[in-house]
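*Asks:* Okay, structure incoming, though there's no sequence with it:
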């Protein structure tokens, strides 16, 4: 299917990447090369034009290069692990709160049947909705601009939950009350102090508790000089998971 | 829903985990404690019985503790990343070959519409099928006990591919020929020599090539003595990804 | 210089290492091969005998394979960094307390002019002395079997200090009082809780504070299948350093 | 001893560090604060002046902030490990070639009796000499501006060697010929291809071969929000070590 006006294209030129919407006034300059609307339109994805590869963006590229960030995002390396770790599938309804820029929500949405997502900040909430809308994502997400603490969830039960707020321990009892038995709940926290505090408060509510961090180390893809990149992201956050006990 | 005969239960006792099928003769001893069939049957998941937590296994637990291994498996930390990195969703058909014990297939199957999976070894093939069958997984997988090289795929096109064989470069042209334009193809390779060789051969067939490794570092979940575990898995394999170019 | 009776020899056979003292009754069996006293005596270091390489042990090998451990040791990867980080040289007098099995002391001793080393446990103290004596190390070390808190150091000043005890904050003021201005003080702590507590207490006494961990990742030295080892030591301890302020 | 004109001072202000020589025209501005010659001169190291800590630089600070770099340097994390790994002490003579900016030489020089150091590039050689001279280092180093291949070393023997050149395999036989039996030889190489090649060529000349990398991960030293830094150096080089066999 050829590239049409309005499509997003992942453009790779040398070792640089750009995610661009192809509109009439599209124009990309890189070093001495130029890529214009008429160079792209009607081409197949996978075509090389004047040193620019025209590629179809996957969800990771959309999150990394396409999402507007009003907050620190949950990186794909973490989000991909979280989604499966939560044990969800097409028949699951997942609760998420503290959705920030909506990156994790977009990942959960691909795997779950439904995501119910709370965000207290109006600014973040609107940004997340816009991110999803721009890329046609999260059709199965019910987003609510509200503190999860104030949510009326009487009678609802969730198969899993993910929490990304500064003081998750304040919400633990409420989370516990809306989860199904043995449902997995995950948390992302940047500091060890927060992890310690959370572990202390999870006691008696969750079992099988795990704490971990995921490091993604990239290599320069040069066959005759294979080596790691000089610099890497050394920390995004600690992940904590536990399963609801009765 | 209470635990019934034949169910798999993830049993957590202190920091040990067991994945067990609950049959009439079920009997688990840990230190001086015992857990028997009649202790488990009819209980809710999430219940604590005599020091044993009865938990519902997620896909990760099934792969790690439930799958019989005839080969080195693709670990969940890698498989979860791979599945999303491939950019697949419910409308995608994914090709996989070298399925080994079927761990990655089980993960891809949750996210994709359909997986077409080749395994040349009859022993591995049958083991993978048994693993899936035991846990009711991979209903949308078409598994073929054949070298991918010999596969007749005339007229078929795939949205993504993952390759886990010793010499993937031998298959590159065939893989390329059955992928849609710009489709993502991934590889797992244990040695740097293989990565170098593969990178060399991908040139001209794939763009946006990335090489990486994923490290999962676990912490002891003790709030007042938070620290990483003493030992970690330091290497499973290098991941290589590229998108088909024309 | 040929190997003589009583010498320590680092014996490498395939990928296994042994550190052995060559005495009359020396006898090493590995798989179906045997190495005896008469095979070794009079040989040059660097000789291959019946599949066994006879090598001269360096300090790292002595610490890793030769030192008796009554405690968790400070690993060479950490000790080597610590020694130089302390900014010491042949004209420096270094204070150390909590010497455990004496591994770090042996490293500091090579670089410093003098080391003054306190250990409260008589068992550890005697073991450390024996370790040093066995390998002829630490001639410039003054070891004292006493809690550093009880040490009478009136009028003495140190160029640097290293502390390896469970509650280093209890000793901070005393350490501060015996260090020269701007002298570096280091600490090793296994948990994040200890690091947090120490950082809090260092405030106002030390500046330029740094916290770090050192990871040593080994590779299998096989040229055509180069890859990291499967398992690595994931944690020994956090290192904390600061310089005394007035 | 108070700070005198011409002294180097490590200045810590908030989380920034500067290594400065205190001359009459010294003047450091940071945000809205200023530090001048007359603020520093005569002060003790360890003093806080107007938000600036005046600290004594250790060897690590000198290398990181003081050495002029004409090349990629061997980082302290690697150099400190290398120096001890080589098994050297005050009675050892060490050979080094490919000294680059002289960072490793400065470290070896502290531990060894003597270092004999070759550098083929006149530019690098002169820069290294200037670095050492500026900081009064490397008095026991004999530096030669020559390709090690052309060195006349008849009759000399070394206790250890370190090699940092692009194609170390070209020098292996010569290195082997000037080392004492069982002497340790180390190498730093940025790419896996180089490591593979070197391993292949070391066979039969060196035993006990090890390959490793050292990762230094720093934490933000904030007691109530302890966490790793966001970014880290992910790769400097692979270290290879082996002991000369006959």
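*Replies:* Done, it's in. Quantities reported herein were computed from a predicted structural model and do not represent experimental measurements.
*Asks:* which secondary structure elements does the longest helix seen in chain A contact?
*Replies:* As assigned by DSSP state H, the longest helix anywhere in chain A is helix A:122-134. With contacts defined as 3 or more Cβ pairs under 8 Å, 6 or more residues apart in numbering or on different chains; DSSP states H and E, the packing partners of helix A:122-134 are helix A:103-111, strand A:141-144. C-betas here are computed from N, CA, C, even on glycine.
*Asks:* Mean neighbour count, those: which tops it?
*Replies:* helix A:103-111 (a mean of 26; mean count of other Cβ atoms under 10 Å in any protein chain shown).
*Asks:* moving C-terminal of it, what's the next helix or strand?
*Replies:* strand A:114-118 (DSSP states H and E).
*Asks:* tilt between the longest helix of chain A and helix A:103-111?
*Replies:* 40 degrees (axes from the mean of the first three to the mean of the last three Cα atoms, to 10 degrees).
*Asks:* ok, and for helix A:122-134, which residues are buried?
*Replies:* Going by neighbour count (16 or more other Cβ atoms under 10 Å in any protein chain shown), the buried part of helix A:122-134 is A:124, A:125, A:127, A:128, A:129, A:131, A:132.
*Asks:* in its sheet, what does the helix or strand where residue A:17 lies sit against?
*Replies:* Using DSSP H and E, residue A:17 sits within strand A:16-21. Sheet pairing for strand A:16-21, assigned by DSSP bridges, gives strand A:8-13 (antiparallel).
*Asks:* which residues are contacting the strand it pairs with?
*Replies:* Here strand A:8-13 makes contact (Cβ atoms under 8 Å, 6 or more residues apart in numbering or on different chains) with A:3, A:17-22, A:28, A:30, A:33, A:35, A:40, A:45, A:51-57, A:61-62, A:65-66, A:135, B:207-208.
*Asks:* next one: stretch A:60-74
*Replies:* A:8, A:10, A:17-19, A:57, A:76, A:79, A:82, A:100-104, A:106-107, A:123-124, A:127, A:130-131, A:134-135, A:137, A:164, A:188, A:236-237, B:84-85, B:87.
*Asks:* What sits closest to the residue in chain A positioned nearest to chain C if chain neighbours are left out?
*Replies:* Nearest residue of chain A to chain C: residue A:192, at 3.7 Å (Cβ to the nearest Cβ). Of all residues not flanking residue A:192 in the chain, residue C:192 sits nearest, at 3.7 Å (Cβ to Cβ, 6 or more residues apart in numbering or on different chains).
*Asks:* for the record, mean pLDDT for the helix or strand hosting residue A:172?
*Replies:* Here residue A:172 sits within helix A:172-178, counting by DSSP H and E. Mean pLDDT, helix A:172-178: 97.
*Asks:* Is any residue of it near chain B?
*Replies:* No: counting by Cβ under 8 Å from any Cβ of the partner chain, chain B has no neighbours in helix A:172-178; the shortest distance is 10.3 Å.
*Asks:* Figure out how far that helix is from the centre of its chain.
*Replies:* Relative to its chain's centre, helix A:172-178 lies at 23 Å (Cα atoms, centre = their mean, to the nearest Å).
*Asks:* Okay, buried residues for that helix please.
*Replies:* Neighbour-count burial for helix A:172-178 flags A:172, A:175, A:176, A:178 (criterion: 16+ other Cβ under 10 Å).
*Asks:* The longest strand seen in chain A: partners in the sheet, and parallel or antiparallel?
*Replies:* For chain A, the longest strand by residue count, based on DSSP state E, is strand A:206-220. Next to strand A:206-220 in the sheet, as set by DSSP bridges, lie strand A:227-228 (antiparallel), strand A:238-244 (antiparallel), strand B:206-220 (antiparallel).
*Asks:* and chain A, which of its residues are near chain C?
*Replies:* With Cβ under 8 Å from any Cβ as the criterion, chain A meets chain C at residues A:192, A:193, A:195, A:196.
*Asks:* re the thing from before, pull the most distant pair out of the buried residues of helix A:172-178.
*Replies:* Farthest apart among the buried residues of helix A:172-178 by Cβ to Cβ are A:172 and A:178. That separation is 11.4 Å.
*Asks:* Let's test this: mean pLDDT of stretch A:132-141, rounded?
*Replies:* Mean pLDDT, stretch A:132-141: 98.
*Asks:* Start and end of it, how far apart?
*Replies:* Stretch A:132-141 has an end-to-end distance of 10 Å (Cα to Cα, to the nearest Å).
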